[in-house]
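Asks: 3D, please:
(2 chains)
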Amino acid sequence: MPGPEGKLRRMLKGSGTRKLGGRDTLRAFQRFLGWSLVALFVSLFPSRAHAYTWMIKHGYASCPVCHADPSGGELLTAYGRVQSDELLRMKYGKSSGEVSHTEPKAPRLARRTLDSKTDALSGADEEGKDGQDDAAASDEEAPSAEASTDSAPTTASSEESESYPGEFLWGLVKPPDWLLLGGSYRHLNVIRPGTEASKFSTFPMMMDLYGQVQFGNFRIQGSLGAARVGVGSPYARAAQLTTNQGDQWNLLSRSHWLGYDLADGAITIRAGHMNLPFGIRIPEHTMWVRKDTLTDRESAQQDGLAFAYNGEKLRTEVMGIIGNYQVNPDKYRQRGYSLYAEYLVGERTSVGVSSMVTKAKKDRITLQPDPLRQAHGAYVRSALTEDFVVLAEADVLLTSDHDTGYVGFAQADYELIRGLHLMATGEVLNRGYDRIVGGAQTVANGKPQFGAWGTVDWFFLPHCELRTDAYKRQEEDFTILVQLHVFL
Amino acid sequence: MMHESKTRVSRASLVAALLVGLATLGSAGSASASTKFPASLQKALTEIFPGVPFCVPLCTACHLTTAGGPGNLNVFGDNLYHQPMFPNLIPGTSDSGLKNALMTYFAATPAAGLPAAPTIFPPGSATIPAGTRPSYDSDRDGVSDYDELKLLNSPAIALPGGEGEFCPSDVTTYGCFARVAAAPPPVDRLGLFSAGVVVLGLTAFRRLKRKPRSG
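Replies: Down below sits the predicted model:
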């Protein structure tokens, strides 16, 4: 282990979580806190982590490098945890060497992807002002395929037993190699200064735990969470496991599936309850482009069979939808397909197309009979510089008994300093004029509706995010969202 | 030593942040912006139309989708929105305020050019004078909103599509195997009869089998 990296590693060996001077009180408190959190989340408020699509700026166009889901989102791989700690959070002036730590092996696909990174990409990362991508770009940090592909376990594993802040529960609990655990808690505060109704509300928006068990190429993954929403709320309901229809607490599962990996992890076949493969997988579930295509990750998951491919340039997923069996009766279940295909056209730019067609006997959103819903569109993700990323998506909405509609968004993300993002987002929506309801054309119903967001997103501690959004949409009140996100 | 100190400070910050986060759980509320409005609407309509079994309506009573929320109004919701009594219709205001606003809406004579249908108002209401006169017909199907609501039809969806849609019988339910029983399951008389026939048949069969033994 030559060079400064090795020296730093040796230094860190004496300062890991489990070696804080052998102080029994502190360790006992850590353990108590850890187990309390586990118990709390399991018994009351299970939650989740999200995909950050702007990670393309670090050369990660492919999702399974860091996520267990082949199309990204939620549960992190061990390698993803390292990258999350290295690339997301604020370092408070420390150099990468000071905060470096032991490096787990990347998943097989990650290793192949890292090996396939262009020299330009690797160079850019290595020459980054903080040098924090060294872990991803250097052979020493990310073991090469020739060194370990054949003998490595399918899941990521820790080479050493030292803790680092990015581990599950900040290293307080160490799951075995075959088990991935994760979760998150999102607490949302909503402020509407101009409204005459409630100006302030605060509630836990999301509380999920995630887990994946892997034996060879076979994977079982699921989530468990809890939520309490009002009668008629469009949120959380479709993910319910328990059957309370009022404003009581309910147990949720947003995803649960069985999967089998082929071709060294490049292909994954899954069956179960999954996120729909469509568009850019952003965490903002209320953004029109996700909400009105019914493809958000809040509770729009469906049951079905999916085929995912993650190649060096191309990634795609196709899902046959058989309906959401957590929604009853059967007439409200949508059946059809959903897919996307994305191609890496440059070093840090990818373009994609999406398509979805579903049919139900009755629409649970509009309550209209025999709805045929279609959404087709294209999107782009591009890192214009190391700190500046643009995401954009535009979709056509074709719904029976509506005129042709459309939805789109464009988001610019500027990372002012590592861990502090400034975002500006514009969005537009026209669901298409509702011919059944009739009446005059209004915004989003025959006329375009526009919205604008300004966001400050601060990853202030390992796996802790504080995000503030201020948005204004036509015909809606000016709204401020303040969100604390802790992802385990 | 320096590094250890920094690590401890970082850990302490982390613990503090977690405690703050967990403390906010105590103030956790429901993740819905206007849960009071549907229930208030049910109460107000029940008082205006005694004896009509109003449900807690879905957001589609006044909005285009079950998501509800600001804007996104259907023709009925849009008509209410533009009434002078609108401040009384804001979610969270008093039930009596909502009732008075609705009664004012029903009693109002629409201005020329706005959709209206002749309506018979019965005597007995202090706010809505008895008699026959035009009243709002949001969906332009020739039946006023007043008459449609009295029959649990949607004032926003033209008949016949809106028939029974204010309180649809086939509401969406959530959760694994969720069912909402509208009433106790009826006694299946055909099933009882069939079961009786089977029992009688088995008894007769046993007797037939016993006969040869006794013989």
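Asks: and residue B:112, what's its pLDDT?
Replies: pLDDT, residue B:112: 83.
Asks: how near is it to residue B:134?
Replies: Separation of residue B:112 from residue B:134 (Cβ to Cβ, to the nearest Å): 10 Å. From N, CA and C alone the C-beta is placed, and that goes for glycine too.
Asks: who has more neighbours out of the two?
Replies: Higher neighbour count among residue B:112 and residue B:134: residue B:134, with 15 against 6, using other Cβ atoms under 10 Å in any protein chain shown.
Asks: for that one, list each beta-bridge partner.
Replies: Bridge pairing for residue B:134 (DSSP bridges) gives the partners residue B:118.
Asks: what comes up buried for stretch A:479-488?
Replies: Neighbour counts over stretch A:479-488 (16 or more other Cβ atoms under 10 Å in any protein chain shown) mark A:479, A:481, A:482, A:483, A:484, A:485, A:486, A:487, A:488 as buried.
Asks: got a markdown table for the residues you listed, with pLDDT too?
Replies: Below are those laid out as a markdown table (pLDDT from 0 to 100):
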| residue | pLDDT |
| --- | --- |
| A:479 | 94 |
| A:481 | 96 |
| A:482 | 97 |
| A:483 | 96 |
| A:484 | 96 |
| A:485 | 93 |
| A:486 | 91 |
| A:487 | 86 |
| A:488 | 84 |
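Asks: return only those of these found close to chain B.
Replies: Among the buried residues of stretch A:479-488, the ones lying near chain B by Cβ under 8 Å from any Cβ of the partner chain are A:484, A:486.
Asks: which of the buried residues of stretch A:479-488 sits closest to residue B:163?
Replies: residue A:479 (37.0 Å; Cβ to Cβ).
Asks: where does residue A:82 land in three-state SS?
Replies: Under DSSP: H, G, I helix; E, B strand; the rest coil, residue A:82 falls in the helix class.
Asks: what about it, how many neighbours?
Replies: For residue A:82, the count of nearby residues is 27 (other Cβ under 10 Å).
Asks: per-residue pLDDT, residue 78?
Replies: By default, I'm working from chain A. The score at residue A:78 is 82. That number is its pLDDT.
Asks: wait, chain B was what I had in mind.
Replies: pLDDT, residue B:78: 81.
Asks: residue of chain A closest to chain B, please.
Replies: Using Cβ to the nearest Cβ, the single residue of chain A nearest to chain B is residue A:230, 3.0 Å away.
Asks: sec struct for residue A:351, please.
Replies: Under three-state DSSP, residue A:351 comes out as strand.
Asks: my guess is it contacts residue A:379. True?
Replies: Yes. Look at residue A:351 against residue A:379 with Cβ atoms under 8 Å: they come within range, at 7.2 Å.
Asks: shared neighbours of those two, which are they?
Replies: Common contacts of residue A:351 and residue A:379 (Cβ atoms under 8 Å, 6 or more residues apart in numbering or on different chains): residue A:342.
Asks: more neighbours: which of the two?
Replies: For residue A:351 versus residue A:379, the count of surrounding residues by other Cβ under 10 Å is larger for residue A:379: 24 against 16.
Asks: report the contact partners of the more buried one.
Replies: Counted by Cβ under 8 Å, 6+ apart, residue A:379 has contacts A:279, A:280, A:342, A:351, A:352, A:353, A:354, A:391, A:392, A:393, A:394.
Asks: what's the answer for residue A:168, then?
Replies: With contact set as Cβ under 8 Å, 6+ apart, residue A:168 has these partners: A:81, A:174, A:175, A:181, A:182, A:488.
Asks: swap the cut-off to 7 Å and go again
Replies: Going by Cβ atoms under 7 Å, 6 or more residues apart in numbering or on different chains, residue A:168 touches A:175, A:181, A:182, A:488.
Asks: quick check: phi and psi on it?
Replies: Taking degrees, to the nearest 10, you get phi -60, psi 130 for the backbone angles of residue A:168.
Asks: what do you get for residue A:171?
Replies: Main-chain dihedrals, residue A:171, degrees, to the nearest 10: phi 90, psi 0.
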